[in-house]
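Asks: Structure for the following, please:
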Amino acid sequence: MPPLGTFTLRAGLLLAFLAIGAVGAHSADACRTAYRTVEWSKLKRLLAANGIPESERSFLSAGAEKRLKELTKSDLNVRGAHCGIEQVRTLVLGCLNSTLEPALQAVPIDRVSREGLWGRPGISVRAGVFIGMFHACRAGAMNAFLNH
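Replies: Residues are numbered from 1 along each chain as shown. Predicted coordinates:
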């Protein structure tokens with residue numbers, strides 16, 4: 001059996017590909033009315049239910065919000081402009097909500113990441129999974145709705 005780090009990396013990569021696929025699958029109906037506050041509420045409940053401490057939940061929310069704001073209206077392609085920047089940002093959160101729980105369940109709750117992520121060393125492995133899945137969902141949205 002491979003060491004936990006190798007398993008975690010492989011599981012994370014597999015789930016990241018699934019997340020990117022989830023954005024593609026949701027892109028057809030991405031312009032549906034979705035509410036960012038609802039998606040944030042779901043995400044915060046999901047993190048709390050999976051043992052992410054409050055300090056890390058705040059850190060992850062702030063980091064995700066910062067990176068969502070990097071997706072700007074001026075970068076939207078025709079399809080993205082039809083949806084609007086807020087719906088594209090909300091789609092990222094929806095993707096994260098639909099793919100994060102299995103990824104969180106794949107890693108131990110009490111492990112600490114060896115790498116500093118988003119400028120913060122010593123975060124939990126589960127927080128690292130959140131960051132990886134967030135970037136996978138964001139990349140899927142960028143591919144579908146932004147000029148690149």
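
Asks: check which helix or strand covers the residue most central in space within the chain.
Replies: Centroid-nearest residue in the chain: residue 134, 1.9 Å away (criterion: CA atoms, centre = their mean). Using DSSP states H and E, residue 134 sits within helix 125-145.

Asks: Pull out the buried positions in that helix.
Replies: Buried residues in helix 125-145, defined by neighbour count with 16 or more other CB atoms under 10 Å: 125-142, 144-145. (Each C-beta comes from the backbone N, C-alpha and C, glycine too.)

Asks: The residue nearest to the centre of the chain is in contact with residue 64, isn't it?
Replies: Yes: Residue 134 lies in contact with residue 64 (CB atoms under 8 Å); the separation is 5.5 Å.

Asks: who touches both of the two?
Replies: The contact sets of residue 134 and residue 64 overlap at residue 96 (CB atoms under 8 Å, 6 or more residues apart in numbering).

Asks: What's the local residue count around the spatially closest residue to residue 54 that is not a sequence neighbour?
Replies: Distances taken as CB to CB, 6 or more residues apart in numbering place residue 48 nearest to residue 54, at 8.0 Å, with adjacent residues excluded. The tally of other residues near residue 48 (other CB atoms under 10 Å) stands at 12.

Asks: repeat for residue 74
Replies: 8.

Asks: Now for it: which residues touch it?
Replies: Going by CB under 8 Å, 6+ apart, the list of residues near residue 74 is empty.

Asks: what is the mean pLDDT for stretch 135-148?
Replies: Averaging pLDDT along stretch 135-148 gives 92.

Asks: Oops, could you answer that again for stretch 72-82 instead?
Replies: Stretch 72-82 comes out at a mean pLDDT of 93.

Asks: Next, the distance between the ends of that stretch.
Replies: With CA to CA, to the nearest Å as the measure, stretch 72-82 spans 14 Å from end to end.

Asks: buried sites along that stretch?
Replies: 75-76, 80.

Asks: cool, and stretch 55-66?
Replies: 56-57, 59-60, 63-64.

Asks: now these as TSV including pLDDT?
Replies: Listed next are the buried residues of stretch 55-66 as TSV, based on pLDDT from 0 to 100:
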residue	pLDDT
56	93
57	94
59	96
60	96
63	97
64	97
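
Asks: how near is the nearest residue to residue 97 once chain neighbours are set aside to residue 34?
Replies: Leaving out its chain neighbours, the residue that sits closest to residue 97 by CB to CB, 6+ apart is residue 42, at 4.9 Å. With distances taken as CB to CB, to the nearest Å, residue 42 is found 11 Å from residue 34.

Asks: Right, I'll call it a day here.
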